[in-house]
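Q: Sharing a model prediction with you, sequence too.
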Amino acid sequence: MPGTGSVHMADVVGSDVSQEYSDDSRSVECYSSDGDEAGMGLLDAEPGVNKEKPAYRVIDADLLVKVQAEAVQGVASIWGCKKSVAKTLLMHYMWDKEKLLSDLADRGPEYVYKAAGVAEPIDSTAPGMQAATGSISCGVCLCEYPQAQCSSNGCGHTFCNNCWRSHLSVQIQDGMARHVSCMAFKCGVVCDEELVLQVMQGDQPLLAKYKQSHLESYMEDNQKVAFCPSVPWCGRAIEVDSDPYVEPECSCGVAFCFKCSKDPHSPCTCAMWAMWDEKINGDSETRNWLAANTKPCPKCSKPVEKTGGCNLVVCQCRQCCLQPFCWLCGCATGMRHTWSQIDNHSCGRYKDEADARINNATRQHKRYMHYFERYKQHLDSLTKEKNNRSKLAARIAAAEHDGTESCDFGWLVKALDQLHMARRVLSNSYAFAYFFFGGQLYADEFDEDQNKINQNLFEDSQEMLAAEVERLSGLVEKAKELTLDSQLRLDAINSSVNIHTRIVKFFELVENDLYSKLQSSSAQIAVYRG
């Protein structure tokens, strides 16, 4: 991300395409056409556009084995230990290589090995450590066995293979494959992988379960790895470099927030998005309006809205037979009443309090609907344009295959991709605005004047982005016929570049001019990477 937050845009350079924006200094750099091939591939190498390398990688079943082996080999090479020991240490540290190596250097191997349940390497040449000869008494079944029928763990405890096999089988079946401990009383050392592979080689199903559990540990225990939330699951996972605030896209096409596994929601924080999701799916604003503007009938419990000034209201459903009740307290009453009182009924509620509650709930509901309707509008457009992209890609492939079109339409597909990203940012921006301006979430962070300034800056940037998005949407709609219109191609390329730059400026504004000004709370969002 560029470092400064501002809504100022670069001046326009000469182009017929940019004439309609020539009176507005908010436009960004465009390209001019110098021939039939002008504009081809400009989206691949745009001046001033920072195409950052994705901060994540997609892991499938084939890549998982390689990735885990690389991590194990890295620790084994640095520390000079066996790969099985390196794997046990990494699993204990939840595959956090940096934390493991840091503890090995700062606290020493004795502390790390003991915490991970790994036995310190034993010098087999030391006095008294020569291999035993003759028979060995198993400490579990108390039988004598030849040395060839017994096995030793790294801690030095030796038992017969039959007892080892029974112990390992139970541990693996009970889901303890990643931490199978020694049988010796109060030992606690993890069984060597070489021991398990040797003793369990006659039971391939359990051995396969043991190996698979170790393999899946890299995805399930690793804080830098998250499963793709696709339904049904595509079988892939995402690994990030370091920052968990990333919105990766899996190979199956599903994009999500790595931190909370919800849909991509920048510029909203994860907490903000959780509240927005509750509002739109739980319909909490409608419930709030009903709670403020209606009262349950004391007989049928259906909501009744007051339409007149009198405090005696009547339920109109046939089940109640026109049941009257007091609007202020909700109690059933008789029909005899005046404007000032209801016969045989007294109520201690304050009418002013009820009216204020109704007015505030109505205002909040209107405010919510303002943002929700615009959020939903861009979300619907995003869905339609995503479907159009797949259809267009199929048409382009068919046209190129038939030889009817020799022109490269990659610019059009990339324009649709940019449009998809912009729609998502715009739809999420209305959820952000609902909470950040005028809501209770950050009410104590800014005074009324500063909040208004922030809102005006945000809405100016939002409107500029929305205007360019609609312009590109219209251009893409015209280009769907795959006509060889060089000016249309150039217009779409220029608009795509404009949108990218405006999204960059938009996120700079949100991060540097809004979130960074928070005093009593902090906020982190995924960085826009284009």
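A: Sure, I can see it. Numbers count the residues shown, from 1 in each chain.
Q: Flag the shaky bits of the stretch 201-350 of the chain, pLDDT-wise.
A: 283-285, 287, 318-321, 337-341, 344-350 (pLDDT under 70).
Q: just checking, what's the longest helix in this structure?
A: When the chain is parsed with DSSP state H, its longest helix is helix 351-402.
Q: Strands along this protein, start to end?
A: Here the chain has its strands, by DSSP state E, at 56-59, 135-137, 144-146, 150-152, 158-160, 225-227, 237-240, 294-296, 303-305, 312-314, 324-326.
Q: Run me through the strand neighbours of the fourth one, direction for each.
A: The reference is to strand 150-152. Next to strand 150-152 in the sheet, as set by DSSP bridges, lie strand 158-160 (antiparallel).
Q: got the contact list for the partner strand?
A: 132, 136, 138-141, 143, 145, 149-152, 167, 183 (C-beta atoms under 8 Å, 6 or more residues apart in numbering). All C-beta atoms are positioned from the backbone trio N, CA, C, and that covers glycine.
Q: Tell me the one among those residues nearest to residue 299.
A: Using C-beta to C-beta, residue 167 comes nearest to residue 299 of the contacts of strand 158-160, at 68.7 Å.
Q: Now do that closest one, the pLDDT please.
A: According to the prediction, residue 167 has pLDDT 95.
Q: cool, and the one 3 residues further on?
A: Looking at residue 170, its pLDDT reads 95.
Q: what about it, how many neighbours?
A: 11 (other C-beta atoms under 10 Å).
Q: Next: residue 456.
A: Burial measure for residue 456: 12 neighbouring residues, criterion other C-beta under 10 Å.
Q: Could you do residue 179 as well?
A: Counted with other C-beta under 10 Å, the neighbours of residue 179 add up to 15.
Q: Going forward, the N-terminal residue is numbered 51.
A: In the new numbering, first residue 51, that becomes residue 229.
Q: For the nearest residue to it once chain neighbours are set aside, give the beta-bridge partners.
A: Nearest residue to residue 229, sequence neighbours excluded (C-beta to C-beta, 6 or more residues apart in numbering): residue 240, at 6.0 Å. Beta-bridge partners of residue 240, counted by DSSP bridges, are residue 231.
Q: what residues are up against residue 240?
A: 138, 166-168, 229-232.
Q: which one of those residues has the most neighbours?
A: residue 138 leads the contacts of residue 240 on contacts (other C-beta under 10 Å) with 27 neighbours.
Q: list the contacts for that one?
A: Residues in contact with residue 138 (C-beta under 8 Å, 6+ apart) are 166-168, 240, 243.
Q: again, only using 7 Å
A: Contacts for residue 138 (C-beta atoms under 7 Å, 6 or more residues apart in numbering) come out as 166, 168, 240.
Q: Just give the nearest non-adjacent residue to the first one, would you?
A: Put plainly, it is residue 166. Nearest non-adjacent residue to residue 166 (C-beta to C-beta, 6+ apart): residue 142, at 3.7 Å.
Q: Ok, the second one next?
A: Nearest residue to residue 168 in three dimensions, chain neighbours excluded: residue 138, at 5.3 Å (C-beta to C-beta, 6+ apart).
Q: Compute the distance between the closest residue in space to residue 459 that isn't next to it in sequence and residue 378, please.
A: Among residues not flanking residue 459 along the chain, residue 446 sits closest, at 4.8 Å (C-beta to C-beta, 6+ apart). Look at residue 446 and residue 378: by C-beta to C-beta, to the nearest Å, they are 67 Å apart.
Q: For residue 298, grab the count of nearby residues.
A: For residue 298, the neighbour count with other C-beta under 10 Å is 21.
Q: Which phi and psi values does it adopt?
A: When read as degrees, to the nearest 10, the backbone of residue 298 gives phi -80, psi 160.
Q: Then the one 5 residues further on?
A: Here the main-chain torsion angles of residue 303 (degrees, to the nearest 10) amount to phi 100, psi 0.
Q: thinking again about what came up before, what about the residue nearest to residue 166, how many neighbours?
A: Close neighbours of residue 142, defined as other C-beta under 10 Å, add up to 20.
Q: Touching, it and residue 163? I think so.
A: No - the criterion here is C-beta atoms under 7 Å, and residue 142 misses it with residue 163 at 9.7 Å.
Q: where does the stretch 451-580 of the chain have low pLDDT?
A: Checking the stretch 451-580 of the chain against pLDDT under 70 turns up 451-457, 580.
Q: if we go to 80?
A: Along the stretch 451-580 of the chain, segments meeting pLDDT under 80 span 451-459, 489-490, 493, 530-535, 570-572, 579-580.
Q: Just the helices from it, written as ranges.
A: Applying DSSP state H, counting those that start in this stretch to the stretch 451-580 of the chain gives helices spanning 460-486, 498-529, 536-558.
Q: In JSON lines, list these along with distance to residue 209.
A: Shown next, in JSON lines, are the helices of the stretch 451-580 of the chain (distance: least, C-beta to C-beta, whole Å):
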{"stretch": "helix 460-486", "distance to residue 209": "59"}
{"stretch": "helix 498-529", "distance to residue 209": "69"}
{"stretch": "helix 536-558", "distance to residue 209": "61"}
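Q: Tell me which of those lies nearest to residue 156.
A: helix 536-558 (37.7 Å).
Q: Please report how far residue 349 lies from residue 358.
A: Distance from residue 349 to residue 358, by C-beta to C-beta: 20 Å.
Q: swap in residue 222?
A: In terms of C-beta to C-beta, residue 222 sits 74 Å off from residue 358.
Q: More neighbours: which of those two?
A: When residue 222 and residue 358 are compared for neighbours, residue 222 comes out ahead with 21 against 8, by other C-beta under 10 Å.
Q: what residues are up against that one?
A: Shown in contact with residue 222 (C-beta under 7 Å, 6+ apart): 230, 256, 259-260.
Q: So which of those belong to helices?
A: 256, 259-260.
Q: From those residues, pick the one nearest residue 284.
A: Comparing the ones in helices among the contacts of residue 222 against residue 284 with C-beta to C-beta places residue 259 closest, at 23.0 Å.
Q: okay, the residue found closest to residue 291 once you drop the neighbours it is linked to in the chain: pLDDT?
A: Of all residues not flanking residue 291 in the chain, residue 105 sits nearest, at 4.8 Å (C-beta to C-beta, 6+ apart). pLDDT recorded at residue 105 is 83.
Q: just checking, residue 105 touches residue 295?
A: No - shown here, residue 105 and residue 295 do not form a contact pair, counting by C-beta under 7 Å, at 9.5 Å.
Q: Please, where are all the helices along the stretch 251-400 of the chain?
A: Using DSSP H, counting those that start in this stretch, helices in the stretch 251-400 of the chain cover 254-270, 320-332, 334-343.
Q: and of the ones you listed, who's closest to residue 288?
A: helix 254-270 (9.6 Å).
Q: chain center to that closest one: distance?
A: Offset of helix 254-270 from its chain centre (C-alpha atoms, centre = their mean, to the nearest Å): 27 Å.
Q: And for stretch 324-340?
A: Computed by C-alpha atoms, centre = their mean, the chain-centroid distance of stretch 324-340 equals 21 Å.
Q: okay, how far is it across that stretch, tip to tip?
A: Terminal residues of stretch 324-340 are spaced 23 Å apart (C-alpha to C-alpha, to the nearest Å).
Q: Great, nothing more from me.
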